[in-house]
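Student: attaching a predicted model along with its sequence, questions to come.
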Amino acid sequence: MSTLESRIHAAVSRVRDQWRGTRFIDGLEPGPQGTAALLDVARIYRANRLEIGRMRLLSGRAVAGLFFDPSLRTHTSMEVATGRLGAHFVHLQGGQGTWGMEFADNVVMNGTAAEHIREAAPVLSTYADVLAVRAFPKGPNRDETVIRGFAAHAGAPLMNLESALSHPCQGLADQLTLCDLGGGSFKGRKVCLTWAPHPKPLPQAVPLSVLRAAVLGGADLHIANPEGFDLDPEEVERARSFCGDTGARLTLTRDPDAAAQGALAVYAKGWGGNSHEEHADRVAGLGHWTVGDARMESATAFLHCLPVRRNVIVTDSVLDGPKSRVIPQAANREPVQAAVLLSWML
Amino acid sequence: MSTLESRIHAAVSRVRDQWRGTRFIDGLEPGPQGTAALLDVARIYRANRLEIGRMRLLSGRAVAGLFFDPSLRTHTSMEVATGRLGAHFVHLQGGQGTWGMEFADNVVMNGTAAEHIREAAPVLSTYADVLAVRAFPKGPNRDETVIRGFAAHAGAPLMNLESALSHPCQGLADQLTLCDLGGGSFKGRKVCLTWAPHPKPLPQAVPLSVLRAAVLGGADLHIANPEGFDLDPEEVERARSFCGDTGARLTLTRDPDAAAQGALAVYAKGWGGNSHEEHADRVAGLGHWTVGDARMESATAFLHCLPVRRNVIVTDSVLDGPKSRVIPQAANREPVQAAVLLSWML
Amino acid sequence: MSTLESRIHAAVSRVRDQWRGTRFIDGLEPGPQGTAALLDVARIYRANRLEIGRMRLLSGRAVAGLFFDPSLRTHTSMEVATGRLGAHFVHLQGGQGTWGMEFADNVVMNGTAAEHIREAAPVLSTYADVLAVRAFPKGPNRDETVIRGFAAHAGAPLMNLESALSHPCQGLADQLTLCDLGGGSFKGRKVCLTWAPHPKPLPQAVPLSVLRAAVLGGADLHIANPEGFDLDPEEVERARSFCGDTGARLTLTRDPDAAAQGALAVYAKGWGGNSHEEHADRVAGLGHWTVGDARMESATAFLHCLPVRRNVIVTDSVLDGPKSRVIPQAANREPVQAAVLLSWML
């Protein structure tokens, strides 16, 4: 076994010492120590991607990715990570070339859905070593029917590729990016998560995952959003409960300039509030929340999960300027997902 | 060469002693001995899946899977079997991202179809070592235009992934499942195939494949269905012609309770009759054909090819109960398909 | 290293001596010598496909293929070439399961497009080692927005899988086919490119690529088309500028019989003229441009890029007759694409 291969095995062992779970749904599952160990695996992968690709460490393994909603980064980075590790990735597009699926129990299935999650999840678990599922809610609500259905019925390890409330792979990649910005760690560093205008009332999966990522890494997180766009209080409280362990601090504010002031990173994202109907009207008057050069003046880096609406969320000037780190941030998706796959299948 | 690899080569050789064909269309092609040999390969694959996956036995090979209709199990199990064996699987979705296809001869192609099967099949055969095609008929008829077109014009070996009259990979997997239930063989054992209600007049591909599977394995098959839903008489006679060789017996009945009495397996499936139009009306009065606990009382196992409509085909109680074997039955798709791929490409 | 592997490395080195570029957009990029060297790599691949497949020369590499339009040959041959070389191919279908994409600069993105090429191309370039993109224009025009957008913003090497004006992989395969027909070279040999009727005013990507292929290989090219269907003059002049280097000659004519007379190959293709609206009317009176046995009488071979409309572009009699080489022509797509991939990633 090569030195590099030994290092990978050792790093994966350290993950398993902290986390033996087989569900990666909201990203809090590995806890602070397990997350830190995953990030170490990701760093080794990132620094040696081609050489590791030649090792085919997960040869003979299979990952099934089921997408009920569009994807560019998540699909590509999951499939590339899987393929580089030597495993096979099966891409399934929900509703296109697959059967309609039923998630409710005790149903007489004489409508359009031909397949029940009670069969689909266990059957896919017999073929694949890992399942990965993306299913957005319809509107900014807490509906996690699909991912919860898979979690309840899948025998195989399950990775959430974005649900109503969570995008844990994005959160893990964001931790890696924040660590890069902070010189290895962002513990105690100020991070700003700012709401920004978007024509649609998007779900809160990404901002909640940023919140969890910041808390797991011990950041001094400042969340700025207009009235009516507060993050889900239940999820905020759940994340806050980790603050004691990690030393993270959490400040909620209506002032985006104060939140951005001196921050290691300004992370912008649009999300919906409580009132779905009036979203467009509300957003029309909130153009000053678009991140521009002035807001970035004393901050180190601009982050966004992508895809990003230019000159709505953030100006071209910021996005094409020297503080933008959105491309390396997106690039970090592949190594963190490789880390989770290695932890489950090596 | 490892012991395991030698065992695989020897088992594949035994298949080839019985069957040198390159078409797996209705599942009868390998004959009883060839089928038994394929099942042996499948058992070796199933018991050593991960170790075999690391061997990459079919490295450098390619399989093209062309799906004109939805698929979950078939797509996933074919792609996973191909990938685990080290070959590459190309998934093509007919009508989505591919050209409309013409199958008739002597046609002036100035309409919507841009591509003729006379080019598509030979061209795909130059890229891929094996073609696999799924194309359902529109309605419960004998229309096998697509698979027959590929069979006529493909230079590469061809696997049918379900056509109007045949689902041979399902049939092969069902034989493996029935062998498992019967302690290695189901020769002489009573098997019940029962019609069950379904809102749509589905094609008879699966029940006809169960029939062929039962006949190839020498079962005492009892087929129960209401009047007007008899299986295609031509196909029934063709399958019956194998009974002399294998010792299979065939009983057709209108009494599902008698058919299920003491059976090793009750295999339920909905299918259409002769009258497409009146299907919903006919089925409305046939609710007593839904398989429930009473019908299963003296039977060993419940089987269905999936996807299954809960509380229409079968009750939750049976499907979630101890006699249901539908998940291991679906799991058997991967090893039998791997067996066919190995037999053609090793 | 095996003898075969050494031969591949040597042949790839000869490509790199001539061509270090990372864009294969119109097919002229490698120049005559680079193209000849690529064809040598393709011939080695073609003659040793399975053995090379076992070598997994590009293990650990990834190719992302983004298709905004339908594909059968291009998708399959690209994915198979990638897979056989041991790399992983990610198939992305634009508009199906991906985000709408914006290509214009300085846009306020509050409409339907969620993702800008300025992020999409660099992000995909971080995951994949090579990008491959297909995007047709809407109508017979010079709109190359998509491929030009990727060329401007992708950090990874970029292969054009057909745009408005170019289908360079087809052109490279056509050179290999013409070389095969000419006994190793088609320098100085008469090649006929003839317009043929088609119900739609197709873009000129293929005929322009045939023109470039013929010029790069030094052919005596005769292009026949009716008035109003002349090839794009700017592109014709650009290709003509290579004639001095390669000894190619170019004759434009309205007489398809004269053009086909004694030709090594008659290459038929339908394309649109300047007037999109009147296409159907114009074509209605041009049935004598359909290639039949009489036109082929003194020619050696019939070629077409496929898919081909039978009895519109060419008669069944020619297509099913002994002079048709359309299947080996299509087969040549895989080795030439493998050659480009090897040149970029080996």
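Tutor: In hand now; what should we look at? Predicted, not measured: the structure shown is a model, and the values here were computed from it.
Student: and for residue A:189, the neighbour number?
Tutor: Using other C-beta atoms under 10 Å in any protein chain shown, residue A:189 has 22 neighbouring residues. Any C-beta I mention is one placed from the backbone N, CA and C, and that applies to glycine too.
Student: identify the residues contacting it.
Tutor: Shown in contact with residue A:189 (C-beta atoms under 8 Å, 6 or more residues apart in numbering or on different chains): A:178, A:182, A:219, A:220, A:264.
Student: need these in CSV with pLDDT, neighbour count and secondary structure, can you?
Tutor: As requested, these are exported to CSV (pLDDT from 0 to 100; neighbours: other C-beta atoms under 10 Å in any protein chain shown; DSSP: H, G, I helix; E, B strand; the rest coil):
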residue, pLDDT, neighbour count, secondary structure
A:178, 98, 27, helix
A:182, 98, 19, coil
A:219, 98, 32, coil
A:220, 98, 19, strand
A:264, 98, 21, coil
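Student: just those residues now: which is nearest chain C?
Tutor: Among those, residue A:178 lies closest to chain C (C-beta to the nearest C-beta), at 17.8 Å.
Student: still on that earlier bit, make CSV from the contacts of residue A:189 and add distance to chain B to it.
Tutor: Shown next, in CSV, are these (distance: C-beta to the nearest C-beta, whole Å):
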residue, distance to chain B
A:178, 35
A:182, 39
A:219, 40
A:220, 45
A:264, 42
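Student: return the member of the residues you listed nearest to residue B:68.
Tutor: residue A:178 (47.3 Å; C-beta to C-beta).
Student: would you agree that closest one is in contact with residue A:216?
Tutor: No. Judged on C-beta atoms under 8 Å, residue A:178 makes no contact with residue A:216 at a distance of 10.4 Å.
Student: for residue A:146, which three-state class applies?
Tutor: helix (DSSP: H, G, I helix; E, B strand; the rest coil).
Student: check contacts around it.
Tutor: A:68, A:101, A:103, A:117, A:133, A:135, A:163.
Student: which of these has the most neighbours?
Tutor: That'd be residue A:163 among the contacts of residue A:146, by other C-beta under 10 Å, with 28 neighbours.
Student: so how far is chain B from it?
Tutor: Applying C-beta to the nearest C-beta, to the nearest Å, the value for residue A:163 to chain B is 20 Å.
Student: residues in contact with that residue?
Tutor: A:25, A:133, A:134, A:135, A:136, A:137, A:144, A:146, A:147, A:205.
Student: thinking again about what came up before, out of the contacts of residue A:189, which are close to chain C?
Tutor: With C-beta under 8 Å from any C-beta of the partner chain as the criterion, the contacts of residue A:189 include none near chain C.
Student: how about the residues you listed in TSV, adding distance to residue A:279?
Tutor: As requested, the contacts of residue A:189 are arranged in TSV below (distance: C-beta to C-beta, whole Å):
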residue	distance to residue A:279
A:178	29
A:182	34
A:219	29
A:220	30
A:264	30
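Student: for the residue in the stretch 151-300 of chain A that chain C sits nearest to, which non-adjacent residue is spatially closest?
Tutor: The stretch 151-300 of chain A approaches chain C most closely through residue A:199 (4.8 Å), counting by C-beta to the nearest C-beta. Nearest residue to residue A:199, sequence neighbours excluded (C-beta to C-beta, 6 or more residues apart in numbering or on different chains): residue C:110, at 4.8 Å.
Student: and the one you found, that one's in a helix?
Tutor: No. Looking at residue C:110 with three-state DSSP, it is coil, so not inside a helix.
Student: touching, it and residue A:280? I think so.
Tutor: No. Using C-beta under 8 Å, residue C:110 makes no contact with residue A:280, being 9.7 Å away.
Student: shared neighbours of these two, anything?
Tutor: Jointly contacting residue C:110 and residue A:280 under the rule C-beta under 8 Å, 6+ apart are residue A:199.
Student: ok, and what's touching the helix or strand containing residue A:244?
Tutor: Here residue A:244, judged by DSSP states H and E, is contained in helix A:243-246. Where contact means C-beta under 8 Å, 6+ apart, the residues beyond helix A:243-246 that reach it are A:31, A:32, A:187, A:215, A:216, A:217, A:218, A:249, A:250.
Student: just the C-alpha atoms of it, please, in CSV.
Tutor: In CSV, the C-alpha atoms belonging to helix A:243-246 read as follows (Å, rounded to 0.1, in the frame of the first residue of the first chain):
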residue,chain,number,x,y,z
CYS,A,243,-22.7,26.4,20.1
GLY,A,244,-21.7,25.4,23.5
ASP,A,245,-19.5,22.6,22.1
THR,A,246,-17.8,24.5,19.4
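Student: who touches residue A:22 in this structure?
Tutor: Applying C-beta under 8 Å, 6+ apart, the residues near residue A:22 are A:156, A:157, A:158, A:344.
Student: what about the third one, neighbour count?
Tutor: The local packing of residue A:158 (other C-beta under 10 Å) involves 22 other residues.
Student: what's near enough to touch it?
Tutor: A:22, A:23, A:24, A:25, A:130, A:131, A:132, A:133, A:147, A:150, A:151.
Student: which ones are touching the fourth one?
Tutor: Going back to what we said before, that points to residue A:25. By C-beta under 8 Å, 6+ apart, the residues touching residue A:25 are A:147, A:151, A:158, A:160, A:163, A:166, A:168.
Student: could you list which of the residues you listed belong to helices?
Tutor: Among these, the members falling in helices (DSSP state H) are A:147, A:151, A:168.
Student: quick check: nearest residue in space to the last one, chain neighbours excluded?
Tutor: Leaving out its chain neighbours, the residue that sits closest to residue A:168 by C-beta to C-beta, 6+ apart is residue A:27, at 3.1 Å.
Student: just checking, that neighbour touches residue A:172?
Tutor: Yes. Taking C-beta under 8 Å as the definition, residue A:27 is a contact partner of residue A:172 at 6.3 Å.
Student: shared neighbours, those two?
Tutor: In contact with both residue A:27 and residue A:172: A:35, A:213, using C-beta under 8 Å, 6+ apart.
Student: tell me which of those two has more neighbours.
Tutor: A direct count of neighbours by other C-beta under 10 Å for residue A:27 and residue A:172 places residue A:172 higher, at 28 against 23.
Student: now the more buried one: how far from residue A:42?
Tutor: 8 Å (C-beta to C-beta, to the nearest Å).
Student: what do those two both touch?
Tutor: A:336, A:339.
Student: so which bits of the stretch 1-150 of chain A are right by chain C?
Tutor: Residues of the stretch 1-150 of chain A lying near chain C (C-beta under 8 Å from any C-beta): A:49-56, A:67, A:70-73, A:75-77, A:79-80, A:82-84, A:89, A:91, A:93, A:96.
Student: what about 10 Å?
Tutor: A:49-56, A:67-73, A:75-89, A:91, A:93-97, A:134 (C-beta under 10 Å from any C-beta of the partner chain).
Student: residues touching residue A:216, list them.
Tutor: A:27-28, A:30-36, A:39, A:171-172, A:175, A:239, A:242, A:245-246, A:248 (C-beta atoms under 10 Å, 6 or more residues apart in numbering or on different chains).
Student: just these: which are in helices?
Tutor: Among the contacts of residue A:216, the ones falling in helices (DSSP H) are A:31-36, A:39, A:171-172, A:175, A:239, A:245-246.
Student: selecting buried members of those in ChimeraX, what would you type?
Tutor: Here is the ChimeraX command that picks out the buried ones among those, judged by 16 or more other C-beta atoms under 10 Å in any protein chain shown:
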select /A:31,32,33,34,35,36,39,171,172,175,239,246
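Student: quick one, what contacts the residue nearest to residue A:168?
Tutor: Taking C-beta under 10 Å, 6+ apart as the test, what residue A:27 contacts is A:35, A:160, A:166-172, A:174-175, A:208-209, A:212-213, A:216, A:239.
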